[in-house]
Every structure is written in C-alpha cells, then in structure tokens.
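Peer 1: This is a predicted model, with the sequence first.
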Amino acid sequence: MERHIEFKIEYHPSAAREPLLQTFEEFGINLHPEEELPVDEEPWRPFRSRGDFEFAEIALNAALNKSQIDGLLGLIGRISRGESKITLANDNDLRQAWEHATTQVTPFIKHDITVPYKKEQRVYETHALPLWDWALDLLANPLLTPHFVWDAQRVFKHNGREFERFYDEPWTGDRWWDIQAHNISSTNQSRLPNGIKAAPFCFILYADKTRLSSHGTVKGYLVVVRCANLPVSIWHGEGIGGDRVVGWLPIVSEDADEEGKTGFVNLKRVVWHEAFLKLLELVAQHSKSGYSHNCYDKIARWLFPIILILSADYEEQCMMSLIRGYHSKCPCPVCIVPLEELSELSKTFAFRSVEDAIAALNVYKVSKARGEELLKALGLRSVANVFWLVAHSDPHQAISFDRLHALHLGMWRHLLEELKKILKALGRDGESTVEKLVADFPRWRNLNHFSTVIHITFSDGNKMQDLSKQAFYALVNILNHRTSPEGYKLLRVISSYLQLDSYIGLDVHTTSTLAAIDAELLVFDSALKDYIDCAMNSTIEGLKLDWDFPKAHLWKHATRDIRMKGAVRNYSTCPNEKLHGPLKEAYQRQSNGKDIADQILRIDQRKFAIKMLRGQVDTLDEQRRLLREGDGDDEAVPNPVAFEGHIKLGSPQQPIAIQDIENNRGQLDRAFRGFRKKLFDFINNSLPTYRYQLEKWVTIPANFLIHEHCFLKVNYESTVDWKQTTDYLRCSPCFHGQSRYDCALIQLTEDVSAFVRLIFIFKCQLPDVGSFEFVLVQPFTAGIGASRRSDRDLRLTRVRALPRESSIFVPVRSLIRGTVCFPDPDHQDEFLVVEHIDSDMFLRLKSRPARQ
C-alpha cells in the first residue's frame, strides 16, 4: 500500500542522518517509549513508604502549617492504624522526610556579592543553584533521557502543492542550526576525539521580581530555567523536566537620595550581573571546552551549553541587555532603532551585536568621556554583560519577543485607554450600550467574561487578551465612521492588532504565516498613522499622539524570533508568571518573615523533590497497569484519550415521545413545528446522502421515543498543529442559570460547510435500522447581500440565520467544530463569526471561501 508522505525532516549535517519522510500517522511518534526503561520498584525512597511520600506531597502542596500537619497525622493514625502504611508521627518526622528527599536534588548555594560604590564595599546576598548542575540532573533522569533532541532540524509539511517549512520547537529554528553548523561544530570538531559529535545544550532563562507580601513591600527576585532540548510539552508542563527556580537575586534597596543617578542605576546592573554569574560559572566554562556525555541513543556527544532564549518583560530585558531603557536614544534591546522612530514599523534598523557593545565599553575604560558618548549613542550602560562569558550566547539574539507583556499588557492596554476616552466623549448612553454588549457576549469554554470595559481594574494578561476580542465585536456598531470618525479609525487599528495577535500566537508557523505577519505589520503601521492624523484634529481631549514607546516596536522582531527560535510559546513569560503565586503563598503561609530567601527556596526544593518522586511513582503505576492488562506482546498501546470517535454526547435527559416534543415545544419555538414530519422526511430522503444505507422506508409513530442530550464533545484535527482538539458544546435551556445554545461549523454537503446554531441534540433507535445521533440546527446560510464598508474595513465574517421554521436535521457526525457567533444588535438575525476565538478558527476562516 502506497504511503502518503506529508512530513519531511532534514537533520543537521553533523547528525549524519538521511532526511526522514513520514506519513501523517508516523509524524511525532516517540521512537523510544518509556515502557522500555528499567523501573525502580520503590521510587518513593528515601521516604519509608509510598504512603509517607504521598502524604508529604499533599501537605506540601496544601501549604499546611504545623498544627494542621499534627492534627491530620493524628486523625489518620487513629482511623487507619494497622491498615495504612503511613509511618510519620508528627511534623518533625515529616520535615525530616522532606529533608531526606531534598538530598536527592542539587541544593542552592548562598553567595555574598561585593560591589564597590562611592568608596565603600557593598555586600549583597544571592542564592544560586548552578545551571550546569541542574542540567546534569536532567541528563541523569531516566524518565527524560529518551526525549532529548540534540540536532537541529528543518521540518516541512506538504501543503498540497509543495513541502513548506514550518517552525514549532526551538530546534526547528535557524539559530540552533547556525550554532551547530558554524559555531560549535566548525570551531570544536577538529579537536574532539574521533566518533564524538558536538551538540548544544540549550537553556531558556527567565528572571523577574515578584511581590511576596500583600502590601508589596517584601519582594523576591527569581530566576527560572527550562531546557530547550526537551519537547515543549514537557518543559511547559507541571511535571519533572518543567520549570525550575535556580536563582534568587539580590534587590538593591531604594535610596531617595541616589535614585535616578547614573552611578546608582549602574550599581543595580552590576549587582544583577555579578549575582547572575554565580549561576553561569560552569556554563561559561563548558560553553568553550564542551562536556562529554553518553546519550540515551548510545551516541557519545560533546555538549556545549548555550543561552538560547532569554524570556522576560521589557524592564527585565533592559537589565539583561544592559540598554538604558524607555527614554534612551535607542530603547530596543534587539536593534538600534532611534527613540523617535519606534512606531515606524515600515522601517528596518541594524541589529545590536556583542562586538559593538564590547568595543564601546573598551573605549569607556580608556576614556570615560569618549566611551560614554559611544555608549549613549547605542543606548547602553557602562557595565560588562555576564552573558558575554558564555560562548554563542549573544544576549541581543537570545532576548525574545514576549507576547504577554508586549501585546496583551502592552499595546492592547494603550488601545483600551484610547477606547475609553472616545466612549466617554460619546456619552453615558454609548458607554452603557458597550457595557451591555460585552456582558452579553456568548459564553465559551476557557474564555473569561466581563461585565465592564470602562472600569477595568485587573492587570491579568490572559483576561486582557480575552477582553480585546470581546470589546472589538461589541464596538463594531457603536463606533462607525459617521458618528465617531476617531473611534472608527481606532477600530481599524484594533482589527489589525487582533490579526497580528492571532498570527503571532500560532503554535506552529509556516513560511506563509510569517509572510502574513510581516504584511500585517505594514497594515497596522498605516492604520495607526491614520488614527494619529485623525486624533490630531479631534475635539476629544487627551487622545494619544505619541506612539513611540518600546512595546509599539518590539513585535517588529516577532518573525525573526520565530525563524530563529521557533514559535512564540517557546519564550513566553506566561508559564513563568504562574510561578509567582506559589512563591507568594509560601511566604505568606509557610514562613515567619525572616530569612525569606532561605525559607522559600527550602520549600521550593521540597516541592521539586516531591515532583521528581511523583514522576517515578506514576511510572511505576503505569508499568503495573500495563502488566495487569496483560500487555506482554509487542503491539503498541494507544495513548489514552478522553473518548474515542468524533462526537460524544453528554447530559442525557429523560426519553420523550416525538409527538410530545412537537406539541409542547412547537408552541414556543417555531423550529419544532412539524418536528415529526421533518424528521421523517430527513431520514428517508436526506439520510442516504450522508452515506447511510436504508433498505426500506422508515416510519415514525407518534410514540417514537427521543433521547435528548444537552451537551456534546466534538473532536477535530487542529489546522494549526494537526493534533486532536476538543470543543465542548452546550444545547441547554438552563446552564448555570441561563439558556445556552452554542453555534457550530458543520459539513453541510461534501463541498460546502456552514455555520449553524444548535437547537436540539438527540439520539433515537430507528426500527430495523439502528441507533442514530442527530441534531436539529438553525442554519446561518441566508443571503447577506452586498458587503458593508465596515465588514470590509474591519475584516468581519458576517452570516445570516434562516428563519427558525427553516431548521434542519443533520447527523451529529457532520459537526466539524464549535464556533462563537456574536449577534449584530443592529441587524436582526445577522451574526459576526468570532475568528479570534482560537488559532484553529482563525486559520479556518483565512482559508474558507468568502461566500461559503
């Protein structure tokens, strides 16, 4: 049987591997299943029993205090004495067990950093877990070793015409390829022993301050590491191989007399980089000499650690790159863009380089006046950068676009402030109308909902992202070109912003999507200039005219980062921001407010040790489960999924006769009028077109039973990463106190898809035929007529519903996926399809014929 090739992987030349051609089913399959690994039969050691380990895990995650632990252990002992394997007697026993567990992981080391300032030596305390020691822990973990990727890859998927390159994991980017080809291999291969390959060990580093106390006066400064050689599904996950706090940097106390002075500003940077050096000492050494390691695939490799990605918000990027920040002559950490041209997205500027920075600093060491002039022109501080010590780790190339802070907490917040000013000028009626439309926005799983736009007080990036989508659709009819020219111009800016946000946020990028981002940046640039021109002549007070700030510029580098380091999720700060909560909780619930870093890092060490043991315990459980199921042959065991098949119905209701449905519901809803006849006609006339074979005419008696369901799950293949995705759709008169009838995209005919609203999901048993699952839907297939100006300008997908009495039946298997359709308040039965609800819907609408 001929294999249909869809994927091609080109390995780096140093791997000495032929290109790999794979079918859809073969792509991404792990060739080293964990089932082959030797399993520790007592992975909970050094805890005395599995029960001790599991209790310690619960107590740690629940942040229990001493009295809670003593009380819980006493209760367990009284209830289950003689039956349980718990041997812990009190808090002291538990703490000893925790300490024994933490001996299996690399400990933190406390250092004193001495920095001269104004004729005195200032001492700052820092805590570091050396990065290379953490790396060796990963390399020694048998659960992770099969998953390491060492060689750069260029990956392609056939798009129907040709193989098109795509980017997702960090090793699919050009930076890894170039490092392996031109830096590591060419520089070091000649002096390596025969048969040993050179490969990078790639670090992803994040640093940020976090407020520990509720009043914000107590802060921590954490450094987090991940390994880019592991798949993103592992290092983005909660288990072993995920994030690890490896550093606690000193915070230079604020001094009102010194704040803002060049010397004091530079002191903070010197302290930061000196403290960070404690993490990088061995990394810097091995980045030049290499480290010999026998890998899981039985290949001896010479590993060279590099800093591939620096993930941070803008403030922290300034610290990492040692640029002067917001108001300097060149405020971008990646390129030499002048301050006054930050919003000029149509222009390209030279990239920063380590060589230029070192040269300027060398001049400064000889002549402060001449050196300061050079450094100012480059927007740099007169401080040596710690990342210069690590080979192949240019900080300006490692610093990466952060979608969270640049877009959701950056550009969108500026656009939102403009919206508020314009809505205020429209008056209270306009504001209240927008508030109501946002509050009534259709519900959707994992989508935050809001009751206000005007009085937003939160600063959560995920919520800001959701708000941007909902506010846009709510404002389409409020801010039109006649009543609010400023608002309409701003909506065009927001429309382009949402296009860019959706494109940039894709987890898999192709050469086509990257070209689309570059093109859309020019659209945004033009729309923003139009808005600024309109704002300059507006009577509305306070509209923003100066858009030359760093976050207006940073997405200029998004496509370069994707080509170099893979999809933006690889360097998103979102996963790292989630670590702030547990650290804050540890301070508030498990510390006494003294020696804060020592106490919090001790708790974090315990959590990491527990996480490591949990991974081993879960592996043992899985091995035993497979043995119980008799999995002793060579057949592969499929990965468990939530359910098999395309559709699964849920929330079953009591069976009801078809005549009762028509009599009761038909009086209230025209969609149910003639329900019985409509179903009869559909089964006998239309069902065969869906490839159901009927051998005889099917009759439906009045007492024919219908089994209603108010919920379904639909599996579909994502157009973004080609993996299975699941939507949860509701069709219920009362879901959390409100009626909810979701919309969906269905395959109406073999060549035509259509948007519909779910009306009634049911299962029935056709006599002598079998069991069938159908859904009554209201098609959104009525004609729209000529397209409106706003639809074209704002790139809206508009659909119109047929009358309720024109409802039709379709098999549930014809559902493609769920959708969100926002009702147009000014045009009855018309809806705007929310393309930005997720990445799959965004790409589907891009590829969908305009009039389908």
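Peer 2: Happy to help now that I have it. Numbering: from 1, shown residues only.
Peer 1: Nearest spatial neighbour of the most centrally placed residue in the chain, chain-adjacent residues omitted?
Peer 2: Nearest to the mean C-alpha position of the chain, counting by C-alpha atoms, centre = their mean, stands residue 569 at 5.1 Å. Excluding its sequence neighbours, the residue lying closest to residue 569 (C-beta to C-beta, 6 or more residues apart in numbering) is residue 507, at 5.8 Å. Where you see a C-beta, it was placed from the backbone N, CA and C, and this is true even at glycine.
Peer 1: Show the contacting residues for the one you found.
Peer 2: Applying C-beta atoms under 8 Å, 6 or more residues apart in numbering, we find residue 507 in contact with 168, 567, 569, 720, 721, 839.
Peer 1: close enough to count as contact, the last one and residue 506?
Peer 2: Yes - A contact is recorded between residue 839 and residue 506 when judged using C-beta atoms under 8 Å, the distance being 5.3 Å.
Peer 1: who's more crowded, these two?
Peer 2: Set side by side, residue 839 and residue 506 show more neighbours around residue 506, with 26 against 19, by other C-beta atoms under 10 Å.
Peer 1: and that one, that's in a strand?
Peer 2: No - under DSSP: H, G, I helix; E, B strand; the rest coil, residue 506 sits outside any strand and is assigned coil.
Peer 1: Overlap of the contact sets of residue 839 and residue 506?
Peer 2: Applying C-beta under 8 Å, 6+ apart, one finds that residue 839 and residue 506 are jointly contacted by residue 720.
Peer 1: End to end on stretch 254-262, go ahead and measure it.
Peer 2: 14 Å (C-alpha to C-alpha, to the nearest Å).
Peer 1: swap in stretch 380-396?
Peer 2: 12 Å.
Peer 1: Helices of the stretch 501-650 of the chain, residue ranges please.
Peer 2: 511-536, 558-565, 574-577, 580-590, 596-628 (DSSP state H, counting those that start in this stretch).
Peer 1: Buried by neighbour count: which residues of the longest one qualify?
Peer 2: Within helix 596-628, the residues that count as buried by 16 or more other C-beta atoms under 10 Å are 596-597, 599-617, 619-620, 623.
Peer 1: what angle sits between that helix and helix 580-590?
Peer 2: 110 degrees (axes from the mean of the first three to the mean of the last three C-alpha atoms, to 10 degrees).
Peer 1: Break down the stretch 151-300 of the chain into its helices, ranges please.
Peer 2: Assigned by DSSP H, counting those that start in this stretch, the stretch 151-300 of the chain shows helices spanning 174-178, 186-188, 232-235, 262-289.
Peer 1: Most tightly packed of the ones you listed?
Peer 2: Burial of the helices of the stretch 151-300 of the chain is given as mean neighbour count (mean count of other C-beta atoms under 10 Å); helix 174-178 ranks first at a mean of 21.
Peer 1: roughly how far is that helix from the heart of the chain?
Peer 2: 23 Å (C-alpha atoms, centre = their mean, to the nearest Å).
Peer 1: Number the residues from 58 up from this point.
Peer 2: Done: numbering now begins at 58, and the last item shifts to helix 231-235.
Peer 1: Give me the helices and strands touching that helix, please.
Peer 2: Applying 3 or more C-beta pairs under 8 Å, 6 or more residues apart in numbering; DSSP states H and E, one finds that helix 231-235 contacts helix 615-622.
Peer 1: try 10 Å this time
Peer 2: Using 3 or more C-beta pairs under 10 Å, 6 or more residues apart in numbering; DSSP states H and E, the elements in contact with helix 231-235 are strand 210-215, strand 254-268, strand 357-368, helix 452-455, helix 615-622.
Peer 1: what is the rounded mean pLDDT of stretch 105-121?
Peer 2: Confidence for stretch 105-121, expressed as mean pLDDT, is 86.
Peer 1: again with stretch 485-499
Peer 2: Per-residue scores along stretch 485-499 average to 93.
Peer 1: Same check on stretch 144-153?
Peer 2: The average of the pLDDT scores along stretch 144-153 is 83.
Peer 1: before we move on, what about stretch 549-567?
Peer 2: 98.
Peer 1: Output the contacts of residue 564 as JSON lines; include the columns distance to residue 102 and pLDDT.
Peer 2: Listed next are those as JSON lines, based on distance: C-beta to C-beta, whole Å; pLDDT from 0 to 100:
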{"residue": "225", "distance to residue 102": "38", "pLDDT": "97"}
{"residue": "624", "distance to residue 102": "39", "pLDDT": "98"}
{"residue": "626", "distance to residue 102": "36", "pLDDT": "97"}
{"residue": "777", "distance to residue 102": "43", "pLDDT": "97"}
{"residue": "778", "distance to residue 102": "39", "pLDDT": "95"}
{"residue": "896", "distance to residue 102": "44", "pLDDT": "97"}
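Peer 1: just curious, which of these is nearest to residue 533?
Peer 2: Relative to residue 533, the closest of those is residue 896; by C-beta to C-beta it sits at 22.0 Å.
Peer 1: hang on, the closest one packs against residue 780?
Peer 2: No - using C-beta atoms under 10 Å, residue 896 makes no contact with residue 780, being 11.6 Å away.
Peer 1: Could you name every residue contacting both of those two?
Peer 2: Common contact partners of residue 896 and residue 780 (C-beta atoms under 10 Å, 6 or more residues apart in numbering): 564, 565.
Peer 1: Return, as residue ranges, the portions of the stretch 208-357 of the chain with sub-threshold pLDDT.
Peer 2: By pLDDT under 70, the low-scoring segments of the stretch 208-357 of the chain are 239-252.
Peer 1: for stretch 818-827, how far is the first residue from the last?
Peer 2: Using C-alpha to C-alpha, one end of stretch 818-827 lies 17 Å from the other.
Peer 1: Just send the helices of the stretch 558-707 of the chain back as TSV, with distance to residue 409 too.
Peer 2: Formatted as TSV, the helices of the stretch 558-707 of the chain follow (distance: least, C-beta to C-beta, whole Å):
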stretch	distance to residue 409
helix 568-593	20
helix 615-622	13
helix 631-634	24
helix 637-647	29
helix 653-685	33
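Peer 1: closest one to residue 157 among those?
Peer 2: helix 653-685 (9.0 Å).
Peer 1: Nearest to residue 433, out of the helices of the stretch 558-707 of the chain?
Peer 2: Per C-beta to C-beta, nearest to residue 433 of these: helix 615-622, 25.8 Å.
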